[in-house]
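Q: would you be able to build a 3D model of this:
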Amino acid sequence: MTYSSPANKRNVLFSLTLPIADLNLKEMEVQFTDAQTALIRHAIESGRLHREEEAIQEALALWEERERRRLEILTAVDKAEASLARGAGRMVTTHVEAVQLASDVKRRGLARIEAEQNPR
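A: Next up, the predicted model:
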């Protein structure tokens, strides 16, 4: 990845070269708002970051993690829907059913913790 930040711009303008899936390289420019620029500069001045590029790397890492979690949630929803479609799931439509489910989950969770802490 290459990087440049012209010093004469009010907003920090980044030029990134990122590898793309087909191994060709594309150049991308990212322009921050004044508030984002101030946030990056403050992070550098306070020693949290050393270069503007680190802000981009951290933002991308956070985005990637958020997308991983999002996909995990969507996968779990798909599995739950498939389970319901097979008749293997448990429909919860009332408050009483929700309280009972929470109680069951808590009981099973405590039993699992107990079993892990006291293997036989």
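
Q: and the longest helix along the chain, which residues are buried?
A: Looking across the chain with DSSP state H, the single longest helix is helix 52-85. By 16 or more other CB atoms under 10 Å, the buried positions in helix 52-85 come out as 52-53, 55-56. Heads up, the C-betas are built off the backbone N, CA and C, glycines and all.

Q: who's in contact with Glu97?
A: Residues in contact with Glu97 (CB atoms under 8 Å, 6 or more residues apart in numbering) are Met91.

Q: hey, where'd the helices end up in the protein?
A: 34-45, 52-85, 95-117.

Q: with mean pLDDT and distance to Met28 added, can I get the ones you listed in JSON lines?
A: As requested, the helices of the chain are arranged in JSON lines below (pLDDT from 0 to 100; distance: least, CB to CB, whole Å):
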{"stretch": "helix 34-45", "mean pLDDT": "94", "distance to Met28": "16"}
{"stretch": "helix 52-85", "mean pLDDT": "93", "distance to Met28": "10"}
{"stretch": "helix 95-117", "mean pLDDT": "94", "distance to Met28": "45"}
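
Q: nearest to Glu27, of these?
A: With CB to CB as the measure, helix 52-85 is the member of those nearest Glu27 (13.8 Å).

Q: hang on, the earlier thing: Throw the helices of the chain into JSON lines and include distance to Glu27, thanks.
A: Shown next, in JSON lines, are those (distance: least, CB to CB, whole Å):
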{"stretch": "helix 34-45", "distance to Glu27": "20"}
{"stretch": "helix 52-85", "distance to Glu27": "14"}
{"stretch": "helix 95-117", "distance to Glu27": "50"}
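
Q: for Thr94, phi and psi?
A: Backbone torsions for Thr94, taken as degrees, to the nearest 10, come to phi -120, psi 160.

Q: can you read off the pLDDT for it?
A: Per-residue pLDDT puts Thr94 at 96.

Q: count of residues packed around it?
A: As a burial measure, Thr94 scores 9 neighbours (other CB atoms under 10 Å).
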